[in-house]
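Peer 1: Here you go, sequence then predicted model.
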Amino acid sequence: MSIFAAGLGLAQAGMSIFGGLDQQNRAYRDQKRAIRQQNQQAAMARNFQNLQIRKQNQYAQQAFQVKKGIVAQQKALNLEAAERAYAGVQINRDRQLTAMAFNREDRTSQLLEAVGANAASIDPGNRSAQRAAAMRTYGRFGRQQVQDRMQVRDLNESSRLQTSDIFGQLRAANAQADAQVAIAPYMQSELPPAFQMAGPSRPSGMSTALMIGSGILGGLSTYNSFAAEQDRIGYSG
């Protein structure tokens, strides 16, 4: 057996085995590094998107609070306007009632003057004429009193309707304002943890054994080739 051929075969086998192991380890490390980088990039992208979501939610919530404040101010203004309108209705009613009261006093004075004038102008002994004149005078005054009561009733009913309209308008204006904040803004949900790829598996014993076997076979092939060449040329180590 040629010592040179055997040495060369062993060297070839060793180089093949160690080279294969080194290549296998480099491939494992490169794959592990690539997966780690991909996982880091996925986590960073998820964190950035969640940051944007939190900012958008915060802005939407702040804008909603500002809008609620504006609505509260609008409702306060609505109430002030309704109170002014109600006060105006009451003042107008009181003024008309006061004017009617003064008119009644004037008519009472006129009634007394008319009764006195009738009594002075008609013969005291003619009681029937005095009675007829008094009935005419008091009749006119009575009719005016009935008209006054009807006017007061109409005035009160008109004031009631106006007041009802005022507060109806207030409720409608407040409902319109509340509709602007009836629905809270939609808050986006943050993204779940990013998907993380599993790390690569270390080379199995079977693949290592196959690689070593391949190296040994390569060394044997080298040995056989050099041994056959030495036998052909008649050289022995």
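Peer 2: Yes, it's here. Numbering: from 1, shown residues only.
Peer 1: does Glu190 count as helix, strand or coil?
Peer 2: Following DSSP: H, G, I helix; E, B strand; the rest coil, we place Glu190 in the coil state.
Peer 1: And for the closest residue to it other than its chain neighbours, the neighbour number?
Peer 2: Leaving aside its sequence neighbours, Glu190 sits nearest to Asn50 (CB to CB, 6 or more residues apart in numbering; 4.5 Å). The way it works is simple: take the backbone N, C-alpha and C, and place the C-beta from them, glycine included. For Asn50, the neighbour count with other CB atoms under 10 Å is 15.
Peer 1: The strand or helix carrying Asn50 - what's its average pLDDT?
Peer 2: Using DSSP states H and E, Asn50 sits in helix 3-121. Summarised as a single mean, pLDDT over helix 3-121 is 79.
Peer 1: so how far is Ser189 from the residue nearest to Glu190?
Peer 2: Per CB to CB, to the nearest Å, Asn50 is found 10 Å from Ser189.
Peer 1: I'd say Asn78 and Gln176 touch.
Peer 2: No. Asn78 is beyond contact range of Gln176, at 9.3 Å (criterion: CB atoms under 8 Å).
Peer 1: In terms of neighbours, single out the busier of the two.
Peer 2: Ranked by neighbour count (other CB under 10 Å), Asn78 and Gln176 place Asn78 first, with 18 against 12.
Peer 1: check contacts around the more buried one.
Peer 2: By CB atoms under 8 Å, 6 or more residues apart in numbering, the contact set of Asn78 is Leu170, Ala173, Asn174, Ala177.
Peer 1: can you tell me the helix or strand for the second one?
Peer 2: Spelled out, it's Ala173. Here Ala173 is covered by helix 127-179, with elements defined by DSSP H and E.
Peer 1: give me the number of residues near Phe48?
Peer 2: By other CB under 10 Å, neighbour count at Phe48 equals 11.
Peer 1: how close does it sit to Gln58?
Peer 2: Distance from Phe48 to Gln58, by CB to CB: 16 Å.
Peer 1: can you check Ala27 too?
Peer 2: Ala27 is 47 Å from Gln58, by CB to CB.
Peer 1: residues near Gln62, how many?
Peer 2: 11.
Peer 1: again with the one 5 residues further on
Peer 2: Counted with other CB under 10 Å, the neighbours of Lys67 add up to 13.
Peer 1: Excluding chain neighbours, give the residue nearest to it in space.
Peer 2: Closest residue in space to Lys67, ignoring its immediate chain neighbours: Val181 at 5.6 Å, by CB to CB, 6+ apart.
Peer 1: sec struct for that neighbour, please.
Peer 2: Under three-state DSSP, Val181 comes out as coil.
Peer 1: show me what contacts it?
Peer 2: Phe64, Lys67, Lys68, Val71.
Peer 1: Separate out the buried members of these.
Peer 2: Val71 (16 or more other CB atoms under 10 Å).
Peer 1: can you tell me which of the contacts of Val181 lies nearest to Gln40?
Peer 2: Minimum distance to Gln40 across the contacts of Val181 is 36.2 Å, recorded for Phe64 (CB to CB).
Peer 1: List the residues that contact the closest one.
Peer 2: Residues in contact with Phe64 (CB under 8 Å, 6+ apart) are Val181, Ala184, Pro185.
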